[in-house]
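J.: no letters, just coordinates:
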């Protein structure tokens with residue numbers, strides 16, 4: 001197995017960028033999910049998991065250049081994250097007051113409506129769900145959800161028939177012919193040696209509604225949730241069997257990972 005591609009998302013729930021190499025440590029990937037929008041009305045972190053409010057963020061693209069984050073809006077406007085106008089621009093985009101923040105509030109939370117109910121009832125339906133405290137496994141100020149890093153294999157992606165960016169991984173791993181989909185489940189508890197880094201596989205990744213949504217020019221893809229819901233359900237966090245695809249990772253040894261690096265699995 002080898003690293004097929006590396007991705008990071010400088011602003012949570014916006015489209016991100018592919019990079020040729022990535023430094024990783026206990027905080028996750030350098031430059032990944034270091035900024036997020038904070039909803040002024042509720043105090044929750046904005047996440048496209050709550051598609052009714054925040055799916056429009058997936059029409060924005062964020063990239064980092066020499067540590068400076070730039071945001072491209074759907075109308076073609078480009079603005080830097082430190083521009084005083086950015087809060088007003090993003091508030092107009094999402095239709096509610098927000099602030100772009102770089103420091104994760106203590107006990108930061110987001111709203112995760114039941115994703116399968118959203119597919120059934122529609123993205124604008126008022127659907128019950130859970131309030132999640134984010135980044136409990138990630139030191140520092142990153143706005144990751146459950147763990148510092150996320151990986152998925154080409155075997156899983158090819159089987160489901162969707163683009164990698166829908167699942168917002170950091171590592172896409174090329175697997176040899178005949179490699180089974182959802183094999184990431186079997187990696188839980190194992191260590192991955194990738195480039196200079198060593199990673200611990202924590203759990204399979206439960207999927208929300210985000211992979212099914214429009215991503216920039218990409219149309220909706222309900223199969224991104226429906227296929228793993230039918231084929232690969234795991235109880236990853238005490239909330240019952242959830243649709244899963246990919247795996248969450250912690251960083252045991254920091255280092256640089258490059259596209260093309262070999263990936264080996266050990267126990």
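T.: Looks like it arrived, so ask away. Because the structure is a prediction, the values reported are computed rather than measured.
J.: quick check: mean pLDDT across the helix or strand hosting residue 70?
T.: Per DSSP states H and E: residue 70 is located in strand 68-72. Taken as a whole, strand 68-72 has a mean pLDDT of 96.
J.: partners of that strand in the sheet?
T.: Strand 68-72 has its sheet partners listed here by DSSP bridges as strand 61-65 (antiparallel), strand 78-80 (antiparallel).
J.: would you mind listing the buried residues in that strand?
T.: When burial is assessed from 16 or more other C-beta atoms under 10 Å, strand 68-72 yields the following buried residues: 69, 70, 71, 72. C-beta: built from backbone N, CA, C; applies to glycine.
J.: if we take those residues, which one ends up nearest to residue 106?
T.: The nearest member of the buried residues of strand 68-72 to residue 106, counting by C-beta to C-beta, is residue 69 at 22.7 Å.
J.: for my notes, confirm residue 93 occurs in a helix.
T.: Yes. The assignment for residue 93 by DSSP: H, G, I helix; E, B strand; the rest coil puts it in a helix.
J.: so it versus residue 65, what's the distance?
T.: 22 Å (C-beta to C-beta, to the nearest Å).
J.: over to residue 19?
T.: To residue 65, residue 19 is 11 Å away according to C-beta to C-beta.
J.: go on, residue 107?
T.: Separation of residue 107 from residue 65 (C-beta to C-beta): 32 Å.
J.: one more: residue 202?
T.: 31 Å.
J.: for those two, indicate the residue with more neighbours.
T.: Neighbour count, other C-beta atoms under 10 Å: between residue 202 and residue 65, residue 202 has more, with 19 against 11.
J.: list the contacts of the strand or helix carrying that one.
T.: Taking DSSP H and E as the criterion, residue 202 maps to strand 197-206. The contact list for strand 197-206, computed with C-beta atoms under 8 Å, 6 or more residues apart in numbering, reads 24, 137, 146-147, 149-152, 167, 182, 184-185, 187-192, 232, 234, 236-237, 239, 242-257.
J.: same check on stretch 209-223?
T.: The contact list for stretch 209-223 (C-beta under 8 Å, 6+ apart) reads 13, 15, 48-49, 51, 55, 58-59, 61, 113, 115, 118-119, 123, 160-163, 165-168, 224-225.
J.: in it, what's buried?
T.: For stretch 209-223, a neighbour-count test (16+ other C-beta under 10 Å) marks 209, 210, 211, 212, 213, 215, 221 as buried.
J.: give me the distance between the two termini of that stretch.
T.: Terminal residues of stretch 209-223 are spaced 11 Å apart (C-alpha to C-alpha, to the nearest Å).
J.: now do stretch 159-172
T.: Start to finish, the residues bounding stretch 159-172 are 14 Å apart (C-alpha to C-alpha).
J.: centre of the chain to it, how far?
T.: Averaged C-alpha coordinates place stretch 159-172 at 10 Å from its chain's average position (C-alpha atoms, centre = their mean, to the nearest Å).
J.: name whatever forms a beta bridge with the residue nearest to residue 196 when sequence neighbours are not counted.
T.: Of all residues not flanking residue 196 in the chain, residue 255 sits nearest, at 2.7 Å (C-beta to C-beta, 6 or more residues apart in numbering). According to DSSP bridges, the partner residues bridging residue 255 are residue 24.
J.: for residue 255, give me its contacts.
T.: Here residue 255 is in contact with 23, 24, 195, 196, 197, 198 (C-beta under 8 Å, 6+ apart).
J.: just give me the closest of the buried residues of stretch 209-223 to residue 2.
T.: Relative to residue 2, the closest of these is residue 211; by C-beta to C-beta it sits at 23.5 Å.
J.: wait, a helix at the closest one?
T.: Yes. Counting by three-state DSSP, residue 211 is located in a helix.
J.: for ChimeraX, what selects the buried ones among the contacts of strand 197-206?
T.: Here is the ChimeraX command that selects the buried residues among these (16+ other C-beta under 10 Å):
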select :24,137,146,147,149,150,151,152,167,182,184,185,187,191,192,232,234,236,242,243,244,245,246,247,248,249,250,251,255,257
